[in-house]
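In: Give me coordinates for this.
(chains A, B, C and D)
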Number of protein chains: 2
Amino acid sequence: MTQNETFVYQLLCDADRPLSAYNILDALRDKGIRAPLQVYRALAKLVERGAVHRIESVNGFVACQLHDCGGNEVSIFMLCTQCERAHEFTNISIDSRLQSLSNDLGFQVAHKVIEITGRCADCQTAQTAAPKH
Amino acid sequence: MTQNETFVYQLLCDADRPLSAYNILDALRDKGIRAPLQVYRALAKLVERGAVHRIESVNGFVACQLHDCGGNEVSIFMLCTQCERAHEFTNISIDSRLQSLSNDLGFQVAHKVIEITGRCADCQTAQTAAPKH
DNA sequence: ACAGCTATGTTATATTATAACATTCCGAAA
DNA sequence: TTTCGGAATGTTATAATATAACATAGCTGT
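Out: This is a model prediction of the structure:
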C-alpha cells in the first residue's frame, strides 16, 4: 500500500460514515495531500482491491466492514439519512437471485450495487441522531 | 404535469438510455429551457411521482419502463456499459428479502437502489454495440 | 383586488470528477 | 553502477453534476 493509499485508508477506517473525496482531501492536507487527484487515485486503487467501497447514493467512500472484501458477493449497504452511518451486509440468497436473474437474461455482470437509504434503528429510538459509537 | 415536466418526460421516453440532466438541458434549449435548475426541478417532480428513475451508477435519469411506478417494489436496473441501455425489472422475491433484512434490523426503509452494470446479451453477441431498437 | 401558493426564470456558486502534463522514486537488467 | 522503465506523485486546469438565493409571473379562492 503506497503512502497516499495508507493515509486515505486509515482515515476511512477511523471515520464512522462515508466520506466524500473532498472530505478526505481536507482531512489530509496536513499530510501533504493537496489535490483531488491524489485522493481519487488512492481511492481507485483501494476500491479496486476491495478495501474500500464506493457508495453511489451519497457519492462517498467507506472502508470495507467485512472480510476486506476479496469476497465476491454483493455488499448491501444500509445508509441512515440521519446519523449518516453506513452498515454493510452480505446476503447469499439475495445475491444468488440477482445473479440468476442476470444469467437468465444473458447479462454479463461486472458490478452490483445494492443500497438502502432510510433511518437506522438507533436513530428511530433516539428521535435525534444516535451518538457515535 | 407542467410544461417543463412534459418536455423532460417526453425526452426521456424517447431516449433509449439514461440521460444526464445536462444532456436534457442541451436537448431542450429550443423549448426555452436554459438553466440546469429548470431541468433538475422537473426531474425532482417526475422522480417523486415515480414516472422517472434516477440511476445512481451513472448520474442519469430514465423514464419508468413499467407500470408508471406507483408500485412499491424496488426497480432493478441492468445497465450495459457498452450500448448504455438500461433495462428495468422487478423481482418480488429479491425485494421481500431485502425488506425483511431491513425489518430484522429495525431499519426504516425510505428508498432502495439495485443496479447491475455489465454487458447485455445483445452486446455480447454483437461484439460491438447492439443497434438501437 | 388581494393574499397565498405553485411554477418559472436567472445568476451565481458549490460539489464531484477527470484530463493533460511534468517530475520523482525505485527496482531490475545491462 | 549506471541506466532504463514503470509506478507513483504532484500540479494546474477544467469538465460534469447539483444546489442556493433571489426575483418574477401566473393562477386560485375569497
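In: Let me know the secondary structure of residue A:101.
Out: helix (DSSP: H, G, I helix; E, B strand; the rest coil).
In: got the contact list for the nearest residue to it once chain neighbours are set aside?
Out: Nearest residue to residue A:101 in three dimensions, chain neighbours excluded: residue B:91, at 6.1 Å (C-beta to C-beta, 6 or more residues apart in numbering or on different chains). For glycine as for every other residue, the C-beta is placed from the backbone atoms N, C-alpha and C. Applying C-beta atoms under 8 Å, 6 or more residues apart in numbering or on different chains to residue B:91 gives the contacts A:97, A:101, B:73, B:76.
In: mind checking pLDDT for residue B:91?
Out: Looking at residue B:91, its pLDDT is 92.
In: Give me the phi and psi for it.
Out: Main-chain dihedrals, residue B:91, degrees, to the nearest 10: phi -150, psi 110.
In: Strands along chain A, start to end?
Out: Taking DSSP state E to define them, one finds strands in chain A at A:52-55, A:60-63, A:76-80, A:86-89, A:108-119.
In: hang on, the earlier thing: next, find the distance separating the residue nearest to residue A:101 from DNA strand D.
Out: Distance, residue B:91 to DNA strand D, by C-beta to the nearest atom of the strand, to the nearest Å: 26 Å.
In: again, but for residue A:8
Out: For residue A:8, the distance to DNA strand D equals 10 Å [C-beta to the nearest atom of the strand].
In: Derive a ChimeraX selection command for the buried subset of the contacts of residue B:91.
Out: This is the ChimeraX syntax for the buried subset of those, where burial follows 16 or more other C-beta atoms under 10 Å in any protein chain shown:
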select /A:101 /B:73,76
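In: just the contacts of residue B:91 now: which is nearest residue A:26?
Out: Nearest to residue A:26 among those: residue B:76, at 36.0 Å, using C-beta to C-beta.
In: check contacts around the closest residue to DNA strand D within chain A.
Out: As assessed by C-beta to the nearest atom of the strand, DNA strand D sits closest to residue A:2 within chain A, at 3.1 Å. Contact analysis of residue A:2 by C-beta under 8 Å, 6+ apart lists A:42, A:45.
In: If I look at it, what pLDDT would I see?
Out: 93.
In: likewise residue A:72?
Out: pLDDT, residue A:72: 69.
In: give me the low-pLDDT residue ranges for chain A?
Out: A:68-72, A:127-133 (pLDDT under 70).
In: change it to 50
Out: Applying pLDDT under 50 to chain A picks out residues A:132-133.
In: From the centre of chain A, point out the most distant residue.
Out: residue A:104 (28.8 Å; C-alpha atoms, centre = their mean).
In: How many residues are close by residue A:43?
Out: The number of residues packed near residue A:43 is 21, by other C-beta atoms under 10 Å in any protein chain shown.
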